[in-house]
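Engineer: quick one: sequence plus predicted model below, questions after.
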Amino acid sequence: MNEPKSGVSFLTPEHLTPIRSLNLRAKIIVEGLIAGLHRSPYHGFSAEFLEHRPYLPGESIRNIDWRKFARTDRTVVRLFEDETNLYARILLDKSASMGFSSRNGMNKYDYARTIAASLAWIFVRQRDAVGLVTFDDSIDAALPPRSTNVQLKNIIACLENSAPSSATRCGAAIDSAAHGIHKRGMCVLISDLFDDPRSIIQGLRHLRFKRQDTVLIWLLDPLEVDFRRDAPLEVHDVESDERVFLDGETAERFYRRGMRGHREQIEEACRELEIDWEIVTTDEPFHGALMRVLEKRRRLP
Amino acid sequence: MSWLAFFRPLFLWAMLFAAVPILIHFFQRRRTIRLDFSSVRFLREAAVKASRRKRLRRLLLLLTRIAIVAVIVLLFARPYSRFDPFGSFRNPQGRTFAWIDPTISMDYRTDAGTLAARARQGLASLDSTLVHSHELMVFEPCAGAFDVYEPGEESECEPVRHGPTNLGEALRAFRRERMRGTQLPSLVLFSDFQEGTAALVDTFLLSDSVFYPVVCVWLAPRHPYNYAIRVGGAPEGPSPYLECTVCATGRELASGEVSVISGALRTGHERVAVPRNDSASLRIETSAAARNAHGAVRLVPADPYPHDNVDHFVARTRDAVRVLIVCDDASCFPIAAALGAIDGSLWYEPRTLGSQEVRFEDLDSADVIVLAGLSRPARALQALFARRSLDAKVVVFSPAMDHGESSLTRDVFRHLGVRAAPEIVRAESPLSAVLPDTISVLWRGFPLARDRSVAVDRYLAPVPGDVLVRLSNRAALAAGTVDSAGHCWIVLATPLGIDPSNNLAETGFYVPLVDRLLSFGLSSVGARPHEWIAGRIERNPYYGRGVGAHVFDVNGKPVAQWSSQPTVGFDGPGVFRVQPRGEAAYWVAVHADPAEARLVYRRPQPGPAAKRFVKVVDREGFEEFLASIRGSSRLNLLWVVLGLLIVLEILLWQRRGRE
């Protein structure tokens, strides 16, 4: 596994929070990521041969061009030319729950749009067509996929101008977004999935039906993953404005139980629908999260 | 909760420890934190319900802990119900006072031993039942006070003794002890509760405000029976017969044998059979050895109560009467001369004292007091008018006529209920003395029903009391009455000594008159015949006379010395020789108290007010009572509650831990 080098080690949400420009933030992340990869075997999502490069110790031997090795007795790795035949859509949840942050750092929505911007950057850099759909209880904004630099600017501008609001109807929104897709492609869904799992699964199923290679980035706050509270709580739902009074231990017990069931249902559906999913928490460095997503894509057959 | 009280109420201060779990609860309680969260979809209803349940559980846990502290404190404070007066037997700081009837009736033997032994067993059971720190005191007759009961320790006093019950003394000591302590004491009385003892207990329960527990352990035998023998008349002079009575109470005496023992000899013998609850009189011919001596009669077979199977007698016993003549001049000497003329063995030599010389002791030591011709009342004589100051006396009042009616006369007449002042009546012609009827107790010994040699010129009228002798004009010459103090007053209408108003002392009527008046008086106060009863306190016959006596038993061993003490007595039955200083010795027979052998038992009957605090139980009932003390249901309940609370606390704690 390629470990990020020191150049990307500070690409944490804490470090990037002061940077207000999403464009700059995404650029830093992507460039840092690429620099960190340092002759990485990553070569995008297309399969057109570009050139050879020397094999570096530590790389997977699967990437070695064995024919070349047989002819020249040199270990080289094949690199491929990017193509623009991929239509990718980034589906970003902008419901009010995405605005939650258990710490003073970056909230989920900030993290999500940073990830989205970075992905858009990567897609555009690879000359893939990328689009953006933001939704809460319904689709808020939709940019159809394009592979131009203007598209990247538009995506980043759209992301910068959006803010979390309204309640989540994630499943319905995904379902609605799937209606507008007619071409085979790829969807990256970034959401906390705080919605009825049946409707979410219904939406995912619709995406798969539309022949979308789907990647689910399940973005959660650390507190949502590991809910620990001792003191009595007055829990205020930022979406519904509902208030629940309960003691910390009971809240922890029931949240964990509910979350576990919710997660099991979603994961089960993803396995069934062959959807890649990755749970990302907002305290993770961006490059780590992106690396995991990209690594998962690379290992696909 | 006015019914609830505590044996150790100071421990209730420990209830403050109940604040500890409360404080811990509140210290552990945290401030509610507001949390803006992405979604409460997982925290709805069930979570709220669970949270409520948990809050309730925590509250329950708090209450359980408080209850545990409270129950522990209660266990230390030892609660009891005010409505359960016998709860004080469970008091660790309490005191129980026990009294065992020491009279010889407790020597009645049953299959389980004597009643006294059963009482001591009961006392030992009580001691083993009471809490260790509970103080058990037992009345010590020798010390006259309660002492701490020590199991196995022999008392210096005899378990039973002759004489009246000392219950009154014990109850007085109990009252003193009750005043001393702060805790409510308990009283346990072990007795067979013969009629007299039961009556005494009833009086005590009525007179005393009984608000403390009294347990009367009734030890009377179920089917008592007794054979008794009592000497009625000892052989005297040439009479060869000894009269005695054999009683069979509760069971027939089919075949009995009565023996007369004089010294080491059996001097008489008779067989006897007595029906149930009947008696038989026997005249047993005795040998010459018994006639001039003393001895005992013995009844065989023995019975459960042995003390009255032997009775003692003394032949030729006579107890002389002491006469005190209070007179201020020589006019009364014929009275003393008349007494000497009657029978020297019947009367001690009369003492004659002036009215100002008389002391209380002189009055107290006399059986008969003659007030002859006194014009002024002496201070010491006031004791005759006071109640309960003297034993019953025979008082012969002979008025003074020389100076008219005296103040003493007025006092005597007023004392005897005559409001009107007596008048001195002067007879027109001398009046003779006439006996009132032929069946009078005074009849025997009088030579004539009317003595015409008597000439009474002046007399007092009216005279209080029943007329004993009249004058020929039907006015009273002598009248007798018993006053509220029990004294028999014989009031003469005319002076008994030498006086111009009559010639009584010069006639043959005089000596029989004095003898019969005094005999009547003595029979009225029950002074004769005198019987010595073992254990009974009697007036010292030598008290105030300046002489004493030594008392020896039948073997010549000295047993007592009678000197200046006002009362004397014999500890046990038997024959004793009294040797007065300067006088001839004589024998006295001391009998066992027949009242103790009556076998009449009665349960004490507390009044309505004391009924709640008095329990009358037999020996078996007492064991059940002790069992109820041992198994204190209230304390056991507290232990059960404590156990349940601890289990509940553990369950709640474990559940909390699991959550």
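Structural biologist: Noted; the coordinates are in hand.

Engineer: tell me where the chain has helices.
Structural biologist: I'll assume chain A. Along chain A, counting by DSSP state H, helices occupy A:13-16, A:22-37, A:66-72, A:108-125, A:149-161, A:170-179, A:197-209, A:222-225, A:248-273, A:286-298.

Engineer: can you look at chain B instead?
Structural biologist: So, for chain B - with DSSP H - the helices run B:19-28, B:45-77, B:115-129, B:167-180, B:195-207, B:288-291, B:333-342, B:360-365, B:407-415, B:510-525, B:619-630, B:633-658.

Engineer: OK, contacts around the spatially closest residue to residue A:247 that is not a sequence neighbour?
Structural biologist: Excluding its sequence neighbours, the residue lying closest to residue A:247 (CB to CB, 6 or more residues apart in numbering or on different chains) is residue A:232, at 4.7 Å. C-beta: built from backbone N, CA, C; applies to glycine. Residues in contact with residue A:232 (CB atoms under 8 Å, 6 or more residues apart in numbering or on different chains) are A:245, A:246, A:247, A:248, B:30, B:31, B:32, B:33.

Engineer: so where's chain A uncertain?
Structural biologist: For chain A, the stretches flagged by pLDDT under 70 are A:1-50, A:80-85, A:296-301.

Engineer: spatially central residue in it, please.
Structural biologist: residue A:217 (4.2 Å; CA atoms, centre = their mean).

Engineer: so that one makes contact with residue A:281?
Structural biologist: No. Counting by CB atoms under 8 Å, residue A:217 does not reach residue A:281; the two are 11.1 Å apart.

Engineer: how about residue 283, nearest residue that isn't a chain neighbour?
Structural biologist: Because you didn't say which chain, this covers chain A. residue A:222 (4.9 Å).

Engineer: actually it's chain B I care about, not the one you picked
Structural biologist: residue B:241 (4.6 Å).

Engineer: sorry, back to before: let's have the helices of chain A in a markdown table, adding mean neighbour count and distance to residue B:435.
Structural biologist: Listed next are the helices of chain A as a markdown table, based on neighbours: other CB atoms under 10 Å in any protein chain shown; distance: least, CB to CB, whole Å:
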| stretch | mean neighbour count | distance to residue B:435 |
| --- | --- | --- |
| helix A:13-16 | 18 | 145 |
| helix A:22-37 | 20 | 155 |
| helix A:66-72 | 11 | 173 |
| helix A:108-125 | 25 | 142 |
| helix A:149-161 | 17 | 155 |
| helix A:170-179 | 22 | 143 |
| helix A:197-209 | 19 | 138 |
| helix A:222-225 | 19 | 133 |
| helix A:248-273 | 17 | 118 |
| helix A:286-298 | 19 | 149 |
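
Engineer: ok, residue B:397 to chain A distance?
Structural biologist: 105 Å (CB to the nearest CB, to the nearest Å).

Engineer: and that residue, how many neighbours does it have?
Structural biologist: Residue B:397 has 24 neighbours, counted by other CB atoms under 10 Å in any protein chain shown.

Engineer: quick check: it vs residue B:362, distance?
Structural biologist: Separation of residue B:397 from residue B:362 (CB to CB, to the nearest Å): 17 Å.

Engineer: tell me the contacts of residue B:540?
Structural biologist: Contact analysis of residue B:540 by CB under 8 Å, 6+ apart lists B:365, B:562, B:564, B:565, B:566, B:567, B:568.

Engineer: same question, residue B:406
Structural biologist: B:374, B:375, B:376, B:399, B:400.

Engineer: quick check on the closest residue to residue A:99 other than its chain neighbours: phi, psi?
Structural biologist: In space, and not counting its chain neighbours, residue A:99 is closest to residue A:164: 3.6 Å by CB to CB, 6+ apart. Here is the backbone geometry of residue A:164 (degrees, to the nearest 10): phi -70, psi 140.

Engineer: how about residue B:537?
Structural biologist: Torsion angles, degrees, to the nearest 10, at residue B:537: phi -80, psi 130.

Engineer: OK, contacts around it?
Structural biologist: With CB under 8 Å, 6+ apart, residue B:537 has these contacts: B:163, B:567, B:568, B:569.

Engineer: residue in chain B nearest to chain A?
Structural biologist: The nearest approach of chain B to chain A comes at residue B:42, 2.7 Å away (CB to the nearest CB).

Engineer: measure how buried that residue is and give me the count.
Structural biologist: Using other CB under 10 Å, residue B:42 has 21 other residues around it.

Engineer: that one - nearest residue in space that isn't next to it in sequence?
Structural biologist: Nearest non-adjacent residue to residue B:42 (CB to CB, 6+ apart): residue A:258, at 2.7 Å.

Engineer: can you check residue B:534 too?
Structural biologist: Among residues not flanking residue B:534 along the chain, residue B:162 sits closest, at 3.7 Å (CB to CB, 6+ apart).

Engineer: now do residue B:117
Structural biologist: Nearest residue to residue B:117, sequence neighbours excluded (CB to CB, 6+ apart): residue B:159, at 7.7 Å.

Engineer: what does the stretch 101-250 of chain A have sitting close to chain B?
Structural biologist: For the stretch 101-250 of chain A, the residues in contact with chain B (CB under 8 Å from any CB of the partner chain) are A:108, A:168, A:192, A:194, A:221, A:223-224, A:229-240, A:242, A:244-250.

Engineer: make it 6 Å
Structural biologist: Selection of the stretch 101-250 of chain A residues close to chain B by CB under 6 Å from any CB of the partner chain yields A:194, A:231-238, A:242, A:244, A:246-247, A:250.

Engineer: before we move on, the earlier item: so what's the residue nearest to residue A:99 up against?
Structural biologist: A:94, A:96, A:98, A:99, A:109 (CB atoms under 6 Å, 6 or more residues apart in numbering or on different chains).

Engineer: with residue B:580 instead?
Structural biologist: For residue B:580, the contacting residues are residue B:549, by CB under 6 Å, 6+ apart.

Engineer: same deal with residue B:636?
Structural biologist: Residue B:636 makes no contacts at all, as judged by CB under 6 Å, 6+ apart.

Engineer: quick check: it vs residue B:630, distance?
Structural biologist: Counting by CB to CB - residue B:636 and residue B:630 are separated by 10 Å.

Engineer: domains of chain B: list them as residue ranges, please.
Structural biologist: Listed by automatic domain parsing, the domain ranges of chain B are B:4-29+B:42-82, B:85-215+B:600-631, B:226-314, B:323-525, B:532-595.

Engineer: off-centre distance for the second one?
Structural biologist: In this view, domain B:85-215+B:600-631 has its centroid 16 Å away from the chain centroid, taken as CA atoms, centre = their mean, to the nearest Å.

Engineer: just the mean pLDDT for it, thanks.
Structural biologist: Averaging pLDDT along domain B:85-215+B:600-631 gives 85.

Engineer: in TSV: the domains of chain B, plus distance to residue A:138.
Structural biologist: Shown next, in TSV, are these (distance: least, CB to CB, whole Å):
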stretch	distance to residue A:138
domain B:4-29+B:42-82	24
domain B:85-215+B:600-631	79
domain B:226-314	114
domain B:323-525	119
domain B:532-595	118
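
Engineer: nothing else from me, thank you.
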